[in-house]
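S.K.: when you get a sec, could you give me coordinates for this:
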Amino acid sequence: METRTGQSTPAITAPVPVPFPPPSTRRPRVREVSSRFMSPVASSSGHHQRSVSTQKPRRQLKLPEGDENRPPETAARGQDSPFPLDGGKNNQRRNRSKPLREENGHTLTLLPSPSRSRSNQQRLLTSSAAARLLRLFVSMDGEEEEKLNDDDTSSFRASLLVKNGVGLSLPPVAPNLKSQGDIKRQKKVLGQQADAHSLKLLHNRYLQWRFANANADVIKQAHKAEAERMFYSLGLKMSELSHCVRKKRIELQGLVRVKALKEIVEPQVPLLEQWTTLEEEYSGALSETSEALLNASLRLPLDVDIKVYIVRINIVPFCVSFALITFDSQYQVETKELGEVLAVASKSMEGIVQNIGQFLPKTQEIESLLSELAIVSSREKVSVEDCGVALLKTHSSHSDAYQGTGCYNLLCSGFVQVNREIAMGGSISPLSGYGNSQYDITILIWKMGSGRFAEEGWGKASYFKNTISNQSPHLKMGNCLSITDPSPEAVSEKILKALPVETPFKFPSPLPTLPQGNGFAKRTIDLGGLEVSQVSTFNKVWSTYEGGPDNLGATFFEPLSVPSGFSILGYYAQPNNHQLFGWVLTARDLSSDTLKSPLDYTLVANTESLKIKQDGPGYIWQPVPPDGYQAVGLLVTTTSQKPPLDKLRCVRSDLTEQCEADTWIWGINGVNVSNLRPNIRGTQATGVCVGTFTWQPQNSSPPSLACLKNTKLNFSTMPNGSQIGVLFNTYSPLIHLHPDEEYLPSSVNWYFSNGALLYKQGQESNPNPIESNGANLPQGGSNDGSYWLDLPRDKKAKERVKKGDLRNTKAYLHIKPMLGATFTDIAIWLFYPFNGPARAKVKFINLPLGRIGEHIGDWEHVTLRISNFTGELWRVFLSQHSGGVWLDACDLEFQGGGSNKPVAYASLHGHAMYAKPGLVLQGDGDVGIRNDTAKSKKVVDTGLGYEVVAAEYEGGGVVEPPWLNYYRKWGPKIDYSVDDDVKRVARLLPGALKKAFDNFAKKIPDEVYGEDGPTGPKLKGNWAGDEK
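M.R.: Sure, this is the predicted structure:
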């Protein structure tokens, strides 16, 4: 209990209740930074001492912490500063505080209220929760406070502070020792501190909201990602479900169609299964009928004026029920007359039968005699053989029975002796002596012939080999190959006479005289310090007679007639199945260091181990070049001795390029020989073909060889315009169309002038007619599907334009340099307005394929490759659908009458080019798409109407027509299903053929199942590159 000396404790009276301030409408602030409130610690000073009762601990009122409205500075001052909030005023009133009565064992001390101005008190006391509590005691002004006595004030405050037996004491107020200026400054500082505190609270609030917003964004992104994942998963499931539904629908449709097909086919299967049986029965019956009719016709009497000639029996099957037999007769025979003739013949036959019956016993008797004679003859033959064996044993001391040199006596089953005086293996007497009497003997050797003569060579004739004759007139030779020198080389020379390679190829007529100009056909070409010349005369070195094309072997040659100053770069090889036709390059050094002799030779192969028909063993040598040089060819010899080092030359490396295998020449037992060509080929490529070959052994790498490089690619060796005209008039091909071809070629101008239309994507209902030269076609760009060409809309005009016009056909020429400008390619393009439907061959049945193979617009081409050394035609390329084939000039057919124009054949409807007429089946075995070619009067003579549309070098002087730079499709793209067509065709076939056709239909390319027009010539891969 706190007491004051010299003063009595006044009575406590209840004061007038002070109204609480209205609740604040401001939203409470929430912050994480804790605030300290004033601690009810009693202040002490040097002048006023207060005694604190030590009897019982005084319980103080603890206000809640974290009051956001109380500045931390004020709280600190309230706890630690000895100065009260009133700045030191009313010290006396604070000294008059009296102790209150005890309640529940606690002592309450009522502190006096400080005397301050209302404005200061209002600002200070409203800044915190503790201040709002103290407002109850300072709400009255100074006059009202004076009216309240100390006891009443103390009683009133005590009544407020006593609750539930808890004693509370308010902090003492320190005396106000500061001046008015200090108080103002303190107020200003307190105001700034309050503002700073408010700012910190707002900043904390801002950070909290940012944190809350960031957290919300993270949660939102997580929810968004989860939702997207769920939607994606749901989309995948829906897509899979949709795909599964479509698949099931397709399977259901297939099952429905299969069921319908089975319902149709099952009743017919028993009939189809009887096809083979019926066919065999009808074939047997027909052959018997034919034989009977033929025999009857031969036995008809000739004393009647009527003659019947049964020339041909044609069988035309109608399904499987019957066959129609057609007779081609020279005269019309009346039925009555024929009956009379047959009656006479019947009577004659009766007489013949009687005569046969009379002679039959005699015939049987003669047959028995002949059989007995055969038995006697066989016994005599055995006796003769036994006699020969006995003679052989008798004279064994004089002969080894030829066991060391082969079987040449009766021990060989192939020998039959017919002479009874001299036995094979026996001795002959008398004998001729040196310088004495001479005796001779005539020997005839008979051999079963093959119908061929010995000069036709190996594999064709049956003949005696290595038979040596002394040219005696008594030695009569039959089908024998008489050789005075039995060496293998001589034998091979005789055999080679039957091989095509022995005969050099010659064009039907001499090459034309070309106009002068540029460096074309000058015999030599400068490659940049290295001058090369083309040599086409050879000397045979070594041959083999099996393996390779047509299993006829190959021959290897050494170049002959090499120009003065030029050196050999390698040997030449070609297969034996066609005439000798080829070339190799020889070279001359123009800069003193482009050519060097090899340092040595490496043996690539020895053919002795191949065990083949050959001119003895052949040895293949690879030159070992000096550093910085490359070998471009191989050598061949017939001995194991290395060739001389100056036999050929190696080329400086900067004048060479990489090469690859080209045409297959020969191969057997894992060995392959091929021509070489540059890896990179095109109009701007510099690689030059040398004409040599490479030898590829089994399970080992091929020799390291290179091609030449034209470092002086200025196209000066290309022909000019007048020379091109002469060359094309000489070699322009003739193209035979099939006699049944209805879709003929035409010129592009005719196609445009007769109603062809230009369509644009998005404006299909309003196509534009095309000008005759294609001037209104879109130029350049790419094949983006935005434009395409089509036939006229009018039905009659469409059918007329589809069939083309042979009289208005024109060939379009593209002149381009090739193989480093050592050759000139003349690509000849033909345009067909329409490509017709395909036909299939299934074993012995031909079937139309409906719309399969049809498309609007068709570009086909033939390419002539002409040597820039001589102007001679070397090769011809024939395009065949998406590919093609190169043919040497010696393998071509030429127009008759001494013309050098090659002949090609265009297939029916597909227009693919082939070298020979006939059928080419595009498929496996006897099942595939037919490519039928034949001679006819429908011929395209490309030399009669042509136009040079492009030349890929300077000096060509060609202006390209506008349609050439149209890079879109020349026909529309139409997708449709041909399943109905395939099933319709398969329905007509029996079981085995149907299965074969189904397997073939699965291999038909996807692009065939629909119509898709082609692009123009400039978009083809061979326009700037080589043919493939």
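
S.K.: only C-alpha atoms for contact and neighbour calcs from this point on.
M.R.: OK.

S.K.: what's the average pLDDT for stretch 282-291?
M.R.: The average of the pLDDT scores along stretch 282-291 is 72.

S.K.: try stretch 876-895
M.R.: If you average the pLDDT over stretch 876-895, you get 93.

S.K.: buried sites along that stretch?
M.R.: When neighbours are counted by 16 or more other CA atoms under 10 Å, the buried residues of stretch 876-895 are found to be 876-880, 884, 886, 889-892, 894.

S.K.: what's in contact with it?
M.R.: The set of residues external to stretch 876-895 that reach it, using CA atoms under 8 Å, 6 or more residues apart in numbering, is 505-506, 508, 578-579, 581, 734, 860-865, 873-875, 900-904, 910, 912-916, 1027-1028.

S.K.: change it to 6 Å
M.R.: For stretch 876-895, contacts defined as CA atoms under 6 Å, 6 or more residues apart in numbering pick out 861-864, 874-875, 901-903, 912-913.

S.K.: and the furthest pair within those?
M.R.: Between all members of the contacts of stretch 876-895, the longest pairwise span (CA to CA) is found for W874 and A912 and amounts to 21.5 Å.

S.K.: between those two, which has more neighbouring residues?
M.R.: The residue with the greater number of neighbours, taking W874 and A912 and applying other CA atoms under 10 Å, is A912; the counts read 23 against 17.

S.K.: skipping adjacent residues, who's closest to the more buried one in space?
M.R.: Excluding the flanking residues, the one nearest A912 by CA to CA, 6 or more residues apart in numbering is Q880, at 4.5 Å.

S.K.: over to K540?
M.R.: Taking CA to CA, 6+ apart, and ignoring the residues beside it in sequence, K540 has F557 as its nearest neighbour in space, at 4.5 Å.

S.K.: contacts only, for that neighbour.
M.R.: Applying CA under 6 Å, 6+ apart, we find F557 in contact with 538-541, 571-573.

S.K.: at 8 Å what do you get?
M.R.: Contact partners of F557, counting by CA under 8 Å, 6+ apart, are 538-542, 571-573.

S.K.: and the buried ones among those, selectable in ChimeraX?
M.R.: Buried members of these, identified by 16+ other CA under 10 Å, are gathered into one ChimeraX selection as follows:
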select :538,541,542,571,572,573
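
S.K.: and of the contacts of F557, the nearest to T717?
M.R.: Using CA to CA, Y572 is the member of the contacts of F557 that sits closest to T717, with 24.5 Å.

S.K.: give me the distance between that closest one and G670.
M.R.: Counting by CA to CA, to the nearest Å, the gap between Y572 and G670 amounts to 21 Å.

S.K.: next: L599.
M.R.: L599 sits at a distance of 30 Å from G670 (criterion: CA to CA).

S.K.: the two: which is more packed in?
M.R.: Remark: of L599 and G670, L599 carries more neighbours, 13 against 10, as counted by other CA under 10 Å.

S.K.: so the more buried one touches P626, yeah?
M.R.: Yes - taking contacts as CA atoms under 8 Å, L599 lies within contact range of P626: 6.1 Å.

S.K.: which residues does the spatially closest residue to A631 that is not a sequence neighbour bridge with?
M.R.: For A631, the nearest residue in space outside its immediate sequence neighbours is C650; the separation is 4.8 Å by CA to CA, 6+ apart. Partner residues in beta bridges with C650: K596, with DSSP bridges as the criterion.

S.K.: and if you look at W829?
M.R.: Using DSSP bridges, the bridge partners assigned to W829 are Y812, H861.

S.K.: what about it, distance to L369?
M.R.: 79 Å.

S.K.: more neighbours: which of these two?
M.R.: For the pair W829 and L369, the greater number of neighbours falls to W829 (19 against 10), based on other CA under 10 Å.

S.K.: would you mind measuring from the more buried one to V948?
M.R.: Looking at W829 against V948, where the rule is CA to CA, the gap reads 10 Å.

S.K.: which residues does P745 contact?
M.R.: Residues counted as contacts of P745 (CA under 8 Å, 6+ apart) are 803-806, 809, 830-833.

S.K.: give me the low-pLDDT residue ranges for the stretch 351-500 of the chain?
M.R.: 351-360, 364, 367, 371, 378-379, 381-429, 433-437, 439-498 (pLDDT under 70).

S.K.: try 50
M.R.: When the per-residue scores of the stretch 351-500 of the chain are filtered using pLDDT under 50, the ranges that remain are 396-408, 463, 465-496.

S.K.: quick check: V245 is in a helix.
M.R.: Yes - for V245, which was evaluated using DSSP: H, G, I helix; E, B strand; the rest coil, the result is membership in a helix.

S.K.: what's the burial count for it?
M.R.: Residues near V245, counting by other CA under 10 Å, number 12.

S.K.: next, format the contacts of F557 as CSV and append distance to L527, secondary structure and pLDDT.
M.R.: CSV is the format used below for the contacts of F557 (distance: CA to CA, whole Å; DSSP: H, G, I helix; E, B strand; the rest coil; pLDDT from 0 to 100):
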residue, distance to L527, secondary structure, pLDDT
F538, 24, strand, 96
N539, 27, strand, 95
K540, 29, strand, 95
V541, 30, strand, 95
W542, 32, strand, 95
Y571, 21, coil, 97
Y572, 21, strand, 97
A573, 24, strand, 97
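
S.K.: which residues of the stretch 451-600 of the chain fall in strands?
M.R.: Using DSSP state E, counting those that start in this stretch, the strands found in the stretch 451-600 of the chain span residues 464-467, 480-482, 524-526, 530-535, 538-544, 554-559, 567-568, 572-575, 584-589, 595-596, 600-606.

S.K.: which elements pack onto the fifth one?
M.R.: Translated: strand 538-544. Applying 3 or more CA pairs under 8 Å, 6 or more residues apart in numbering; DSSP states H and E, one finds that strand 538-544 contacts strand 554-559, strand 635-637.

S.K.: and what of the fourth one?
M.R.: Taking 3+ CA pairs under 8 Å, 6+ apart as contact, the helices and strands that strand 530-535 lies on are strand 524-526, strand 584-589.

S.K.: format those strands as CSV; extra columns: distance to N679.
M.R.: Shown next, in CSV, are the helices and strands packed on strand 530-535 (distance: least, CA to CA, whole Å):
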stretch, distance to N679
strand 524-526, 21
strand 584-589, 18
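
S.K.: let's verify the closest residue to R523 other than its chain neighbours: helix, strand, or coil?
M.R.: Nearest in space to R523, with sequence neighbours left out and distances taken as CA to CA, 6+ apart, is F869 at 4.4 Å. Taken by three-state DSSP, the conformation at F869 corresponds to coil.

S.K.: what about the stretch 651-800 of the chain, any weak spots by pLDDT?
M.R.: By pLDDT under 50, the stretch 651-800 of the chain has no low-scoring segment.

S.K.: check the stretch 151-300 of the chain too.
M.R.: Low-confidence segments of the stretch 151-300 of the chain, defined by pLDDT under 50, are located at 151-168, 298-300.

S.K.: mind listing the helices for it?
M.R.: Counting by DSSP state H, counting those that start in this stretch, the stretch 151-300 of the chain forms helices over residues 180-265, 269-273, 275-298, given from the N-terminal end onward.
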